[in-house]
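Student: Sequence below, structure please.
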Amino acid sequence: MTNEYIPAKVWTEDTNTGGTWASINRPTSGARHEQELPVGEHALQLYSMGTPNGQKVTIMLEELLALGVTEAEYDAYLIRIGDGDQFSSGFVAANPNSKIPVLVDHSVTPAINVFESGHILLYLAEKFGQLLPKELAQRTVAMNWLFWLQGSAPYLGGGFGHFYAYAPEKLEYPINRFTMEAKRQLDLLDKHLAENRYLAGDEYSIADIATWPWYGNLVLGNLYNAAEFLDVERYPNLLRWANEIAERDTVQRGRIVNRAWGEEWEQVPERHSKADIDQVLAKQPK
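Tutor: Numbers count the residues shown, from 1 in each chain. Just a heads-up that it's a prediction; the model follows:
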């Protein structure tokens, strides 16, 4: 007898797979229910959740505001992906891929829908002329690492994170497979950051903003509770970078937007003004 899984000649959907996301996963795209997206008073409207991909954009917006870019004021609405909010007709109209985050820019007519978190960062950096090096060589380095993150994070999230933290049963092969890749990525970042303060050199950029919510949170113990398992102390340069960025006021603000879990001082489910974050951070124990 063997427990080996033998794939069928033609795959058919099985809705009884269990796991965290089994109730919402389907092999088809498109809207599942009618509901328009709310629209606030600011030109930039964000529909998201405080996952690593969501944190990228809220940190970016808080960075822009701290730089004095008043046009970066934004409304942030919570999309509860576990409840299927991303499959509403309004959300699908803005992002047919039904993934958070999506940004709608009403400063132009017609409004521009921007989806894919890395693209949103690039869109905002180019729109406001901030957080992306202007010199070609350094800009290219920043873009190298931005695209590296977009290609690598799925191995960390959908690969390692899924099988280590969310799968209905612990399976040795996929955990070992994706742990190997996750640690290779951590080693790569550690070696690069041994010679660079930030990913693009001496200048903080969208490459860091994109990468920190995944790899910074991971090594600081804020993602999958896997820091000990991954032996992150072996990556001192990555830890130095992660801690330095975590201390930024803009990061502390952005990481809690569209978050509805954890301690009360970590939750800003919706953000419509600076005061929404200030009031929550004021509850943080001293």
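
Student: how about residue 200, phi and psi?
Tutor: Dihedral pair for residue 200: phi -100, psi 10, per degrees, to the nearest 10.

Student: What about it, how many residues nearby?
Tutor: Number of residues near residue 200 (other C-beta atoms under 10 Å) recorded here: 24. In short, each C-beta sits where N, CA and C put it, glycine included.

Student: which residues touch the closest residue in space to it that isn't next to it in sequence?
Tutor: Distances taken as C-beta to C-beta, 6 or more residues apart in numbering place residue 142 nearest to residue 200, at 3.8 Å, with adjacent residues excluded. Contacts for residue 142 (C-beta atoms under 8 Å, 6 or more residues apart in numbering) come out as 132-133, 199-200, 203, 205-207.

Student: in the longest helix anywhere in the chain, what's buried?
Tutor: Counting by DSSP state H, the longest helix found in the chain is helix 172-193. By neighbour count on 16 or more other C-beta atoms under 10 Å, the buried set for helix 172-193 is 175, 178-179, 182-183, 185-186, 189-190, 192-193.

Student: Just among the contacts of residue 142, which is most surrounded?
Tutor: residue 206 (29 neighbours).

Student: pretty sure residue 51 contacts residue 86?
Tutor: No: under the criterion of C-beta atoms under 8 Å, residue 51 is not in contact with residue 86, lying 11.6 Å apart.

Student: residues shared between the contacts of these two?
Tutor: With C-beta under 8 Å, 6+ apart, residue 51 and residue 86 have common neighbours residue 100.

Student: Of the two, give the one with the bigger neighbour count.
Tutor: residue 86 (25 against 19).

Student: pretty sure that one is in a helix, no?
Tutor: Yes: with DSSP: H, G, I helix; E, B strand; the rest coil as the criterion, residue 86 is part of a helix.

Student: For it, list the residues it contacts.
Tutor: Counting by C-beta under 8 Å, 6+ apart, residue 86 makes contact with 79, 92, 95, 98-100.

Student: If we use 10 Å, what do you get?
Tutor: By C-beta atoms under 10 Å, 6 or more residues apart in numbering, the residues touching residue 86 are 24, 31-32, 47-49, 79-80, 92, 94-95, 97-102.

Student: Show the buried residues in those.
Tutor: Buried among these by 16+ other C-beta under 10 Å: 31, 47-49, 79, 92, 94-95, 98, 100-102.

Student: Closest one to residue 9 out of these, please.
Tutor: residue 98 (29.1 Å; C-beta to C-beta).

Student: Specify the local secondary structure of the closest one.
Tutor: coil.

Student: and if you look at the one 5 residues further on?
Tutor: Three-state call for residue 103 (three-state DSSP): strand.
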